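Participant: No letters, just coordinates:
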């Protein structure tokens with residue numbers, strides 16, 4: 001019920017704003033001359049008969065208000081889209097540039113996405129992370145620990161951590177602490193990895 005009231009209030013506010021813009025002559029540029037040809041023909045027919053002239057003026061006014069409402073809604077949608085693009089860009093930058101390794105993995109441990117720090121930690125390119133099983137990036141003895149952690153987090157929903165060792169790169173094997181948490185929709189696991197001095 002409250003959402004119906006909110007929708008009604010939003011419509012009333014939109015209509016009031018459209019009416020005010022029409023009266024002030026400050027309608028959006030898109031609404032000038034945008035009443036359809038069929039609507040104008042109908043209005044012309046109605047207004048040629050003196051008995052219908054008042055109705056034609058009311059109809060014209062309603063069409064104008066409706067057009068301004070549509071234009072205002074389009075402006076709001078465009079502004080919301082711009083804000084979403086800016087937010088997405090900000091979060092993309094935060095993810096990619098974070099000083100810790102961030103990995104989004106599915107419940108089986110396959111990497112969906114990883115940031116630059118994660119790729120550097122595993123000694124591969126960022127674009128190479130996607131599709132890898134996280135286990136293939138670890139030494140054989142570390143795989144059960146991390147895969148067990150992912151399974152535990154997927155089942156319980158509780159956060160967990162472990163220490164694992166990377167399979168090695170030009171810099172050799174590296175110890176890392178891995179923190180895992182389940183996504184709210186319970187379909188992915190966020191894995192945060194940081195290098196540590198030794199197997200703590």
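Facilitator: Received, thanks. On a predicted model such as this, the values are computed, not experimentally measured, just so you know.

Participant: what ranges do the helices span in this protein?
Facilitator: Counting by DSSP state H, the chain has helices at residues 2-24, 37-48, 53-97, 116-122, 126-129, 143-156.

Participant: Just give me how far the shortest one sits from the chain centre.
Facilitator: I take that to be helix 126-129. 22 Å (C-alpha atoms, centre = their mean, to the nearest Å).

Participant: what comes into contact with that helix?
Facilitator: Helix 126-129 is contacted by residues 96, 103, 111, 113-116, 118-119, 122 when judged by C-beta atoms under 8 Å, 6 or more residues apart in numbering. Every C-beta, even on glycine, is put in place using the N, C-alpha and C of the backbone.

Participant: List the buried residues for that helix?
Facilitator: Of all the residues in helix 126-129, those buried under the rule 16 or more other C-beta atoms under 10 Å are 126, 129.

Participant: domains in the chain, as residue ranges please.
Facilitator: Recorded structural domains for the chain (assignment: automatic domain parsing) are 2-95, 98-195.

Participant: what's the spacing between the residue of the chain positioned farthest from its centre and residue 56?
Facilitator: Most distant residue from the mean C-alpha position of the chain: residue 50, 54.9 Å away (C-alpha atoms, centre = their mean). Here residue 50 is placed at a distance of 10 Å from residue 56 (C-beta to C-beta, to the nearest Å).

Participant: just residue 162 next, same as before
Facilitator: Distance check for residue 162 against residue 56: by C-beta to C-beta, it reads 76 Å.

Participant: thinking again about what came up before, and the helices of the chain, which one's lowest on average pLDDT?
Facilitator: Ranked by mean pLDDT, those bottom out at helix 37-48, with a mean of 65.

Participant: Look up the pLDDT of residue 181 for me, please.
Facilitator: Residue 181 carries a pLDDT score of 96 in this model.

Participant: residues contacting it?
Facilitator: When contacts are counted by C-beta under 8 Å, 6+ apart, residue 181 touches 153, 159, 189-190.

Participant: and with 10 Å instead?
Facilitator: 153, 157-161, 188-192 (C-beta atoms under 10 Å, 6 or more residues apart in numbering).

Participant: thinking residue 102 is in contact with residue 120, fair?
Facilitator: No - taking C-beta atoms under 10 Å as the contact criterion, residue 102 and residue 120 are not neighbours in contact, 11.9 Å apart.

Participant: what number of residues lie near residue 9?
Facilitator: Other residues within reach of residue 9 by the criterion other C-beta atoms under 10 Å amount to 10.

Participant: Residue 159 now?
Facilitator: For residue 159, the count of nearby residues is 13 (other C-beta under 10 Å).
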